[in-house]
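Trainee: Everything below, folded, please.
(one chain, ligands or ions: 2)
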Amino acid sequence: MDFKEQVKSSVDIVKVIGEYVRLRRMGATGRYSGLCPFHQEKTPSFSVNQSRQFFKCFGCSVGGDVIKFVMDIEGMTFWETLNLLAERNGIPIPKRTEYSDAESKLRGALMDMHALAARTFQANLRSPQGGEAREYLVRRGLSDEMIEAFGLGYSDPGWDSLTKRFSAEGFSAELQESSGLVRRRQESSGHYDSFRGRLMFPIHNESGKVIAFGGRAMSSEEQAKYINSPETPIYRKSYVLYNLHRARDGMRHSNRVVLVEGYMDVIGVYAAGVKEVVASCGTALTATQVRALRRHADTVIVNFDPDTAGINASERAIQLLLDEGLRVRVLSLDGGLDPDEYAKQHGAEAYRAKLESANGYFHWLADRARVKFDMRTSEGRMDAFKFLLPSIQKISDRLERASIANDVAGYLGVETGLVLDQLKRSATERRAPVPQTPAQASISAIERILLTALLAGQDVREQILPRLSAQMTEAFQTREIVDVLRQMAPADGPVPFEALEGRLSPAAQSLLHQIIAADDTSDETQRLEHAHACLRRLEADRRKGQIDGLRARVKSAEGEGRLDEALRLMAELTKLERDNQKGEGL
Ligand code: GTP
Ligand code: MN
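Mentor: Ligands and ions are numbered 1, 2, ... in the order given. The predicted structure is shown next:
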């Protein structure tokens with residue numbers, strides 16, 4: 001068995017996908033469904049088929065095996081995906097150099113360099129040279145446990161200790177530069193460390209590998225408070241959320257996540273016992289990040305800093321979260337404190353109580369509106385209401401929408417009549433065409449049953465295919481698939497998917513995915529019985545077609561006085577009808 005087959009046969013697609021998407025079991029048939037992680041949707045059209053080890057989304061029509069899923073969701077190459085799955089399942093990995101493509105090699109080396117850097121920074125922090133940094137952490141109230149849990153470290157203030165370390169390990173200058181951890185000197189030749197004398201926060205991807213760092217200055221004299229890794233082949237800022245890999249389990253359990261602004265906030269909230277907390281890494285929140293959140297929880301509690309930048313960022317984040325269909329609450333802490341400071345000053349319990357009491361985003365937005373507009377005039381109050389209107393329109397439930405509109409109007413002191421007016425007006429504007437997901441061609445039950453049987457095993461194919469004439473499948477929507485199956489060499493067991501898929505047109509591939517995803521039979525005998533029943537139906541249909549045709553010919557021969565011919569056709573007809581009765585009795 002080659003490496004890929006070995007990996008595929010040792011993992012279960014439901015378990016793997018279940019770590020990225022909340023899946024619900026559909027009946028007892030090994031079929032699961034959930035919200036598609038690859039497009040925005042509010043009702044699940046993403047389906048995973050355990051017996052086929054296959055996934056398919058009926059909304060955006062992505063589909064494939066477990067490897068395809070992990071490649072797409074992690075943005076990894078084929079070999080990285082194999083390695084990741086192998087590693088998680090204790091399968092020995094063949095030497096990277098023997099197998100992988102250039103891109104996987106590059107990314108693999110960058111990952112190795114980041115792991116090495118993280119270890120080095122951590123060792124520095126524990127060593128005598130980390131004394132000042134340790135003191136700083138104590139001052140900020142970080143326990144050893146948190147320092148350990150978050151893998152915090154310290155970068156050597158000298159110019160090139162990490163650079164030297166990389167060189168000693170045999171990483172080329174080119175690799176070092178593309179890691180973002182090392183820079184080329186401008187004036188003279190040589191390289192130097194990007195992070196020097198800073199407190200180091202490792203940033204992980206969703207599978208828990210270090211892919212970047214944030215480095216905090218320890219004195220306020222430093223020009224930049226934080227320096228973050230640049231984008232590299234393994235680090236795309238708009239995709240990554242700080243702490244997501246540690247937050248995932250908590251998010252699943254509580255069905256919520258706390259979104260904060262900074263690394264320190266994440267650690268502070270986590271230390272207060274709320275593990276479902278994440279931050280974007282010093283950039284504005286993106287739709288991709290929001291989708292990553294939505295895979296694990298429905299509610300987001302936005303808890304940004306109470307300064308102007310934080311407030312503006314909250315406004316943007318709220319809109320984005322609503323657009324992606326999440327439920328949003330906002331926590332603004334009193335005393336101008338950020339989450340980290342609040343938890344330190346008032347204690348973990350007080351912070352958690354605040355979180356529980358966080359209001360829906362409307363209250364927060366309404367308060368924003370009261371500050372922004374002149375509430376003494378009726379125009380100002382109306383403007384404030386209009387400021388809130390887009391968010392009100394995003395509420396999909398009509399009754400809830402009307403009730404919140406009334407609440408808000410009351411809170412802002414706007415007349416109810418005007419409110420209803422505005423709601424109606426914007427509802428008409430809103431009725432612009434909504435983009436529809438492409439209509440799914442529905443496959444007839446007969447085709448579906450026959451094909452799932454044909455895909456199941458060689459013995460089934462041997463029984464069914466010879467009886468399935470080209471004429472019978474002529475009108476099949478899935479004719480192309482059947483034709484390819486007819487041409488394919490006999491194989492033991494289920495049809496090798498890639499081989500089949502590779503020979504199909506995109507349209508037929510999509511049909512194939514649909515069939516596989518809808519396959520909920522677990523009983524192979526039943527599958528075969530159903531297939532035979534379908535065959536009998538098709539055969540009967542064919543005979544009926546022939547009989548009807550003959551009858552028409554008899555009639556026209558009689559009508560035109562060709563009696564010899566009519567008699568001959570009658571005899572044929574009788575024989576066919578007799579056969580047919582026998583056939584139906586089968
Ligand atoms: P403390 O100030 O130590 O409590 O850290 P913090 O994590 O709370 O940081 P802060 O609230 O100031 O900033 C929020 C996030 O923005 C940080 O975690 C960084 O990701 C990012 N950030 C802050 N300052 C800078 C900067 O000077 N440069 C860059 N690139 N990012 C920054
Ligand atoms: Mn802070």
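Trainee: and the residue of the stretch 401-550 of the chain nearest ligand 2?
Mentor: Residue nearest to ligand 2 within the stretch 401-550 of the chain: Tyr411 (31.2 Å; C-beta to the ion). For glycine as for every other residue, the C-beta is placed from the backbone atoms N, C-alpha and C.
Trainee: Spatially nearest residue to that residue, not counting backbone neighbours?
Mentor: Ala366 (5.2 Å; C-beta to C-beta, 6 or more residues apart in numbering).
Trainee: And that neighbour, how close does it get to ligand 1?
Mentor: For Ala366, the distance to ligand 1 equals 26 Å [C-beta to the nearest ligand atom, to the nearest Å].
Trainee: Likewise for Glu222?
Mentor: 9 Å.
Trainee: Make sure the residue nearest to Tyr411 is indeed in a strand.
Mentor: No. Secondary structure of Ala366 (DSSP: H, G, I helix; E, B strand; the rest coil): helix, not part of a strand.
Trainee: contacting residues for it?
Mentor: 384, 388, 408, 411-412 (C-beta atoms under 8 Å, 6 or more residues apart in numbering).
Trainee: Check whether Ser556 sits in a helix, strand or coil.
Mentor: Per three-state DSSP, Ser556 ends up helix.
Trainee: distance of it from ligand 1?
Mentor: 85 Å.
Trainee: Check what pLDDT that residue gets.
Mentor: The per-residue pLDDT reported for Ser556 equals 87.
Trainee: Distance-wise, check the residue nearest in space to the middle of the chain relative to Ser314.
Mentor: In the chain, the centroid-proximal residue (C-alpha atoms, centre = their mean) is Pro37; its distance is 2.7 Å. Counting by C-beta to C-beta, to the nearest Å, the gap from Pro37 to Ser314 is 25 Å.
Trainee: One more: Ala405?
Mentor: In terms of C-beta to C-beta, Ala405 sits 22 Å off from Ser314.
Trainee: out of these two, which sits in the more crowded spot?
Mentor: Ser314 (26 against 23; other C-beta atoms under 10 Å).
Trainee: show me the residues around that one that make contact.
Mentor: Counted by C-beta under 8 Å, 6+ apart, Ser314 has contacts 302, 304, 330, 364.
Trainee: Name the nearest of those relative to ligand 2.
Mentor: Nearest to ligand 2 among the contacts of Ser314, with distances taken as C-beta to the ion, is Phe304, at 10.7 Å.
Trainee: what about the closest one, which SS state?
Mentor: coil.
Trainee: Next one, pLDDT for it please.
Mentor: For Phe304, the model assigns a pLDDT of 95.
Trainee: burial of it, as a residue count?
Mentor: What Phe304 shows, counting by other C-beta under 10 Å, is a neighbour count of 26.
Trainee: if I pick it, what's in contact with it?
Mentor: 259-261, 310-311, 313-314, 317, 338.
Trainee: which of the residues you listed tops the neighbour count?
Mentor: Val260 (29 neighbours).
Trainee: Give the bridge partners for it, please.
Mentor: The partner list for Val260 in beta bridges (DSSP bridges) reads Ala279.
Trainee: measure it to Leu355 for me?
Mentor: From Val260 to Leu355 the distance is 11 Å (C-beta to C-beta).
Trainee: What of Gly27?
Mentor: Taking C-beta to C-beta, one finds Gly27 at 37 Å from Leu355.
Trainee: Ok, Leu528 next?
Mentor: The value you get for Leu528 to Leu355, if C-beta to C-beta is used, is 56 Å.
Trainee: what do you get for Leu535?
Mentor: For Leu535 relative to Leu355 (C-beta to C-beta), the value is 61 Å.
Trainee: Surely Thr29 is in a strand?
Mentor: No. Counting by three-state DSSP, Thr29 is not found in a strand; it is coil.
Trainee: ok, now how distant is it from ligand 2?
Mentor: 50 Å (C-beta to the ion, to the nearest Å).
Trainee: Find the nearest non-adjacent residue to Ala369, please.
Mentor: Ala384 (3.8 Å).
Trainee: which residues touch whichever residue of the chain sits closest to ligand 1?
Mentor: Nearest residue of the chain to ligand 1 (C-beta to the nearest ligand atom) works out as Gly262 at 2.2 Å. Taking C-beta under 8 Å, 6+ apart as the contact definition, Gly262 lies against 279, 305, 338, 340.
Trainee: repeat for Met111
Mentor: So Met111 contacts 209-211, 234 (C-beta under 8 Å, 6+ apart).
Trainee: which pair in those residues spans the largest distance?
Mentor: Val210 and Ile234 (9.3 Å; C-beta to C-beta).
Trainee: Name the residues contacting each of those two.
Mentor: With C-beta under 8 Å, 6+ apart, Val210 and Ile234 have common neighbours 111, 114.
Trainee: If you count surrounding residues, which of the two has more?
Mentor: Ile234 (26 against 21).
Trainee: Which pLDDT value does the model give that one?
Mentor: 93.
Trainee: now the one 3 residues further on
Mentor: Per-residue pLDDT puts Lys237 at 92.
Trainee: Against ligand 2, how distant is the nearest residue to it once chain neighbours are set aside?
Mentor: The shortest distance from Lys237 to any non-neighbouring residue, by C-beta to C-beta, 6+ apart, is to Thr283 (5.2 Å). Distance, Thr283 to ligand 2, by C-beta to the ion: 17 Å.
Trainee: Doesn't Thr283 lie inside a helix?
Mentor: No. Per three-state DSSP, Thr283 lies outside any helix segment and is coil.
Trainee: Intersect the contacts of Ala366 with the contacts of ligand 1.
Mentor: The subset of those within reach of ligand 1, by C-beta under 6 Å from any ligand atom, is empty.
Trainee: any idea which of those residues is closest to Val482?
Mentor: Leu388 (56.9 Å).
Trainee: Touching, that closest one and Leu365? I think so.
Mentor: Yes. Leu388 lies in contact with Leu365 (C-beta atoms under 8 Å); the separation is 5.5 Å.
Trainee: and stretch 362-381, how far out from the chain's middle?
Mentor: Counting by C-alpha atoms, centre = their mean, to the nearest Å, stretch 362-381 is centred 38 Å from the centre of its parent chain.
Trainee: mind saving the C-alpha coords of it as PDB?
Mentor: Taking Å, rounded to 0.1, in the frame of the first residue of the first chain, the C-alpha atoms of stretch 362-381 are listed here in PDB:
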ATOM      1  CA  PHE A 362     -28.300  46.400  19.300                       C
ATOM      2  CA  HIS A 363     -27.900  48.000  22.700                       C
ATOM      3  CA  TRP A 364     -24.300  48.700  22.000                       C
ATOM      4  CA  LEU A 365     -25.000  50.100  18.500                       C
ATOM      5  CA  ALA A 366     -27.800  52.200  19.900                       C
ATOM      6  CA  ASP A 367     -25.400  53.700  22.500                       C
ATOM      7  CA  ARG A 368     -23.000  54.400  19.700                       C
ATOM      8  CA  ALA A 369     -25.700  56.200  17.700                       C
ATOM      9  CA  ARG A 370     -26.600  58.300  20.700                       C
ATOM     10  CA  VAL A 371     -23.000  59.500  20.900                       C
ATOM     11  CA  LYS A 372     -22.600  60.100  17.200                       C
ATOM     12  CA  PHE A 373     -25.800  62.100  16.500                       C
ATOM     13  CA  ASP A 374     -27.400  65.100  18.100                       C
ATOM     14  CA  MET A 375     -30.200  63.500  20.000                       C
ATOM     15  CA  ARG A 376     -31.800  66.800  20.900                       C
ATOM     16  CA  THR A 377     -33.300  67.300  17.400                       C
ATOM     17  CA  SER A 378     -35.700  65.000  15.700                       C
ATOM     18  CA  GLU A 379     -33.500  64.900  12.600                       C
ATOM     19  CA  GLY A 380     -30.600  63.800  14.800                       C
ATOM     20  CA  ARG A 381     -32.700  61.000  16.300                       C
END
